[in-house]
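>>> Build me a model:
(6 chains)
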Protein chains: 6
Amino acid sequence: MKAIIFAADGFEDLELFYPQHRLKEEGIDVKIASMQKNRITGKHGYTSHVDLRFDEIDPKLFDILVISGGKGPEKMRLDMSALDIIKHFFDEQKVVAAICHGPQMLISARVIKDRKATSYIGIKDDIIAAGAEYLDQEVVVDNNLITSRHPADLYAFGRELVKLIRKPGIM
Amino acid sequence: MKAIIFAADGFEDLELFYPQHRLKEEGIDVKIASMQKNRITGKHGYTSHVDLRFDEIDPKLFDILVISGGKGPEKMRLDMSALDIIKHFFDEQKVVAAICHGPQMLISARVIKDRKATSYIGIKDDIIAAGAEYLDQEVVVDNNLITSRHPADLYAFGRELVKLIRKPGIM
Amino acid sequence: MKAIIFAADGFEDLELFYPQHRLKEEGIDVKIASMQKNRITGKHGYTSHVDLRFDEIDPKLFDILVISGGKGPEKMRLDMSALDIIKHFFDEQKVVAAICHGPQMLISARVIKDRKATSYIGIKDDIIAAGAEYLDQEVVVDNNLITSRHPADLYAFGRELVKLIRKPGIM
Amino acid sequence: MKAIIFAADGFEDLELFYPQHRLKEEGIDVKIASMQKNRITGKHGYTSHVDLRFDEIDPKLFDILVISGGKGPEKMRLDMSALDIIKHFFDEQKVVAAICHGPQMLISARVIKDRKATSYIGIKDDIIAAGAEYLDQEVVVDNNLITSRHPADLYAFGRELVKLIRKPGIM
Amino acid sequence: MKAIIFAADGFEDLELFYPQHRLKEEGIDVKIASMQKNRITGKHGYTSHVDLRFDEIDPKLFDILVISGGKGPEKMRLDMSALDIIKHFFDEQKVVAAICHGPQMLISARVIKDRKATSYIGIKDDIIAAGAEYLDQEVVVDNNLITSRHPADLYAFGRELVKLIRKPGIM
Amino acid sequence: MKAIIFAADGFEDLELFYPQHRLKEEGIDVKIASMQKNRITGKHGYTSHVDLRFDEIDPKLFDILVISGGKGPEKMRLDMSALDIIKHFFDEQKVVAAICHGPQMLISARVIKDRKATSYIGIKDDIIAAGAEYLDQEVVVDNNLITSRHPADLYAFGRELVKLIRKPGIM
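Sure thing, here's the model as predicted:
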């Protein structure tokens, strides 16, 4: 199984590294994707290599998409290739997990309408304006879509993510 | 004439201080408002006193509202008193100027629908999802509403703001 | 099952939060312990509450001990109560996981002699001087003792930790 | 009309950007000048491009000179071309506005003697030692010379600057 | 023998600690003096206790005065008690050593006129405007007055300081 | 007489600069050595040039070795050339002065066994595990070896260092 994590400069550090290590623990091959291949730096100063540019990704080769939060989503949502990858994941009903500001990309990809979701509280009204049902819970699972609010929810986010990818017939 | 500037911790420093000094230059009495009265600190480390808490403001006493950007709006949009002040300004067609992330508050106050506006490019899709017409210009003036994109637009933001408050009959 | 994580100011942020969330994912009750109950701040600026002071812990009530790295161990190893807790875990052959600079505490508690272990490469010679066999591997499991080198090893550290606590008869 | 703003690394951020935007509001063409053409970084981390090196400026082409404060003046006052530009402005009685540590350059250019001026309070005694009359006011206008003390005076500094450049016969 | 070192927030760290330790090496009792007794923080983040407020010092009890540089002198020169102490040292021809921005205090105390001195290059013109002869040397010794330019000169500053205090008849 | 100071990125700033200037005061030629020739940056942000790489040093040409502390020793102790230089100094009974974390290198070079020494308190147990007698004193002189605990001990460290190099017959 293969996963991509979306991240860009200003990413919320734990929201990149927790899912990355958690998925690696399960033996999943995890790639980091961004607009460019330069190393990216998180809000707290951790850095990460980037494996793939959005415009060189073939989404058919991946089973899981994780969208990290922080300041990255406001930049990544301007990248059309990134939005196309998200649409592919929703069209194919593959697992998508977004945390914190990550759901901003779901608004831009126009895939959040009529879905149940959560996010960082500061963008709650944007989620609602985009037509989603906002739930103030540590994790919301709506079919293939998993969303959480902030780093303190990571244990629940990880738990539901792993539960979903182990489910027979999902992938 | 009296103005209020909305700002909170993480405010974009120039987007608070430029309008503050510019309006003071015109002899306008300018108050800084936030959730609490503690000093607030900008993204670049400047600090500002706070004159008024949102919940102690009588919006009838003010003629001009400026919403600064940065990280403040994601916090201030959760304050119901702040949103009520914005609604009052729109109901009364008083001057409202919002820059950068400032328009996030207009989404939360549900006053942006069917208006022409601009904002920081990273929240463009939220502005559109909320029903506004987004224009990528240094300043957009739609009746009483002035919006700009980022600190580099401040000269145009200030110019249109001063032009509007000098207009006979506006106030 | 109950776990304690040892941490102090200057802790390596991921080395505290990854095990904390990973263990919570397993439904384990996790407490953070330090010299004092004030919030502690990591090398990268994340902060954590502290649940317990070392001198108020009854180690019999806990099944798992995790020692995070960074600059914390050089402070925590001076606390006799902390060292006594470590000795208790070794005497009772309960699970102990230490990462990065965490094994400095094992030297001070005099429990590392004749054990296989790894650590941050910069303290390798101290581990050897204290009589352990140093292995340059992402994770070393020697009976109840799990050690890793740095944050990039967290996925393996977490994997072996969870494997060990699920083992029948260990606890 | 054309203006030059003098600035160098460590400039007081607001003291560069406020006059720059304020003059642009008036439709004035504003250039930033320094010792070198690399981007410069302010005390608070804002950066600015540099349009011109001091040694490539023809001062006859400019009508207004603004000297920003912070740590820049202690570096710029060592540049002979910069001092020559200042002397030209005084010889021709063109508008010169200096704020905070900016007046340090006026000492080096030997143009402050017998003038009324203000500055950052910390260099008051240097202004006096150089033969000027120091006034502790938000803005001091002595013919073509405008001086202020610190960022909190910017509204008055801007007001007097704009008043002076609109005056018929000044330029 | 007893020495006082003048320092305030923003002090150049090495310029406080080098003379402090160097004089202690000689068995001299060294006190740190400032405007207030709170700990002070240097430009590079080192902190120091403060032994004495300027207004509680009896200068007759001290033999040596060291004025550290950095951002401290622009604050300390506003303190009349500090300037009176300097005047006492000059009147009594006791040893005074000032480095970097330290000589700003000599301008304010009006003791630099007709003396040979050096300083941080950025305030050279202020030293000259105040009537001193500026020499661009690592250390300048003019009777009881020792001055240096910046931290890289500390070895020469320390050497001449110790040489002077060992001189018979000086104290 | 010639001295080498060992330092690497993250060096404790005062522990490099104090001995450097102190030895220069004595007229001693002082070189800074590290793994590479790029400038190095201390914990507090001071930078230093590097004169020599460890692998290009001929230790026979030097009389004094100073090992600065901070985060440098955990990196430098991995360099075999650096450890060989230390061994040479001990074999030849030349002066070696190590402060703070500096003694970590003495553990790696296996020269600390059966010696009296001190160090930063956080590595006390490593010093003991390596077979030395740990003394909690501002400075410990054991024949050619001088050790201190932290920057506050620099005056004593410098005093004993200078005393030792002036001793007839030592060099």
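>>> Residue A:19 - how many residues pack around it?
For residue A:19, the neighbour count with other Cβ atoms under 10 Å in any protein chain shown is 24. C-betas here are computed from N, CA, C, even on glycine.
>>> same question but for residue A:28, I mixed them up
16.
>>> quick one: pLDDT of it?
At residue A:28, the pLDDT value in this model is 98.
>>> Kindly report the same for residue A:169.
With respect to pLDDT, residue A:169 has a value of 62.
>>> what's the answer for residue A:61, then?
pLDDT, residue A:61: 98.
>>> With residue C:153 as the reference, measure out to the residue lying closest to residue A:159 once chain neighbours are set aside.
Setting aside the residues directly before and after it, residue A:159 is nearest to residue C:25 in space (Cβ to Cβ, 6 or more residues apart in numbering or on different chains), at 4.6 Å. Distance from residue C:25 to residue C:153, counting by Cβ to Cβ, to the nearest Å: 18 Å.
>>> With residue A:11 instead?
Applying Cβ to Cβ to residue A:11 and residue C:153 gives a distance of 21 Å.
>>> okay, these two: which has more neighbours?
residue A:11 (33 against 20).
>>> Residues in a beta bridge with the more buried one, which ones?
residue A:70 (DSSP bridges).
>>> separation between it and residue B:5?
31 Å.
>>> just residue A:89 next, same as before
For residue A:89, the distance to residue B:5 - Cβ to Cβ - is 42 Å.
>>> So these two - more neighbours on which side?
Between residue A:89 and residue B:5, counted using other Cβ under 10 Å, the more crowded position is residue B:5 (25 against 22).
>>> Tell me the secondary structure at that one.
Under DSSP: H, G, I helix; E, B strand; the rest coil, residue B:5 falls in the strand class.
>>> what's near enough to touch it?
Contacts for residue B:5 (Cβ atoms under 8 Å, 6 or more residues apart in numbering or on different chains) come out as B:16, B:19-20, B:30-33, B:66-68.
>>> now swap in residue A:120 and tell me
Contacts of residue A:120 (Cβ under 8 Å, 6+ apart): A:69, A:100-101, A:149-150, B:74.
>>> Just give me the residue right at the centre of chain A.
residue A:67 (1.7 Å; Cα atoms, centre = their mean).
>>> Report pLDDT for the nearest residue to it once chain neighbours are set aside.
Closest residue to residue A:67 apart from its sequence neighbours, by Cβ to Cβ, 6+ apart: residue A:102 at 3.5 Å. Note on residue A:102: pLDDT of 98.
>>> Give the burial count for residue A:102, as a bare number.
Count around residue A:102 with other Cβ under 10 Å applied: 30.
>>> ditto for the one 5 residues further on
As a burial measure, the neighbour count of residue A:107 was computed by other Cβ under 10 Å and equals 25.
>>> Go ahead and confirm it touches residue A:126.
Yes: counting by Cβ atoms under 8 Å, residue A:126 is a contact partner of residue A:107 at 6.1 Å.
>>> who touches both of those two?
Joint contacts of residue A:107 and residue A:126 (Cβ under 8 Å, 6+ apart) are B:126, B:129.
>>> Straight-line length of stretch A:149-159, end to end?
14 Å (Cα to Cα, to the nearest Å).
>>> Quick one: mean pLDDT over that stretch.
98.
>>> Identify the residues contacting it?
A:12, A:14-15, A:18-19, A:22, A:69, A:97, A:99-100, A:118-121, A:136-139, A:146, A:148, C:17, C:20-22, C:24-25.
>>> ok, of those residues, which come out buried?
A:12, A:14-15, A:18-19, A:22, A:69, A:97, A:99-100, A:118-121, A:138-139, A:146, A:148, C:17, C:20-22, C:24-25 (16 or more other Cβ atoms under 10 Å in any protein chain shown).
>>> pLDDT weak spots in chain A?
Along chain A, the model assigns pLDDT under 70 to residues A:169-171.
>>> can you list the residues of it near chain D?
Within reach of chain D by Cβ under 8 Å from any Cβ of the partner chain, chain A has no residues at all.
>>> where do the helices sit along chain A?
A:13-25, A:72-76, A:80-91, A:103-108, A:124-129, A:154-166 (DSSP state H).
>>> got those helices as CSV, with distance to residue A:39 columns?
CSV is the format used below for the helices of chain A (distance: least, Cβ to Cβ, whole Å):
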stretch, distance to residue A:39
helix A:13-25, 12
helix A:72-76, 14
helix A:80-91, 18
helix A:103-108, 21
helix A:124-129, 30
helix A:154-166, 23
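>>> With respect to burial, which of these scores highest?
helix A:103-108 (a mean of 28; mean count of other Cβ atoms under 10 Å in any protein chain shown).
>>> contact partners of that helix?
A:6, A:67, A:73-74, A:76-78, A:82-83, A:86, A:96, A:98, A:112, A:115, A:117-119, A:123, A:126-127, A:130, A:147, B:122, B:125-126, B:129.
>>> change it to 6 Å
Helix A:103-108 has contacts (Cβ atoms under 6 Å, 6 or more residues apart in numbering or on different chains) with A:67, A:73, A:76-77, A:83, A:112, A:117, A:119, A:127, A:130, A:147, B:125, B:129.
>>> could you dump it to PDB, C-alpha only?
Taking C-alpha atoms only, helix A:103-108 is exported to PDB below (Å, rounded to 0.1, in the frame of the first residue of the first chain):
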ATOM      1  CA  PRO A 103      -9.600  20.800   4.900                       C
ATOM      2  CA  GLN A 104      -9.000  24.200   3.200                       C
ATOM      3  CA  MET A 105      -7.800  22.100   0.300                       C
ATOM      4  CA  LEU A 106     -11.100  20.200   0.300                       C
ATOM      5  CA  ILE A 107     -12.900  23.500  -0.100                       C
ATOM      6  CA  SER A 108     -10.700  24.400  -3.100                       C
END
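>>> I'd say residue A:87 and residue A:96 touch.
No: between residue A:87 and residue A:96 there is no contact under Cβ atoms under 6 Å: 10.5 Å.
>>> Any figure for the gap between the nearest residue to residue A:132 once chain neighbours are set aside and residue B:113?
In space, residue A:132 comes closest to residue A:112 once its chain neighbours are excluded; the distance is 4.5 Å by Cβ to Cβ, 6+ apart. Using Cβ to Cβ, one gets 18 Å for the distance from residue A:112 to residue B:113.
>>> go on, residue A:94?
For residue A:94, the distance to residue B:113 - Cβ to Cβ - is 34 Å.
>>> Compare these two (neighbour count), which wins?
Neighbours per residue (other Cβ under 10 Å) separate residue A:94 from residue B:113, with residue A:94 holding more: 18 against 11.
>>> Contact partners for the residue in chain A positioned nearest to chain F?
Nearest residue of chain A to chain F, counting by Cβ to the nearest Cβ: residue A:45, 14.7 Å away. Residue A:45 makes contact with residue C:44 under the criterion Cβ under 6 Å, 6+ apart.
>>> same question, residue A:141
residue A:160.
>>> Alongside chain E, which residues does chain A contribute?
Applying Cβ under 6 Å from any Cβ of the partner chain, one finds that chain A does not approach chain E at all.
>>> Which one of the residues in chain A is closest to chain E?
residue A:45 (16.7 Å).
>>> Next one: that residue from chain B, what distance?
16 Å (Cβ to the nearest Cβ, to the nearest Å).
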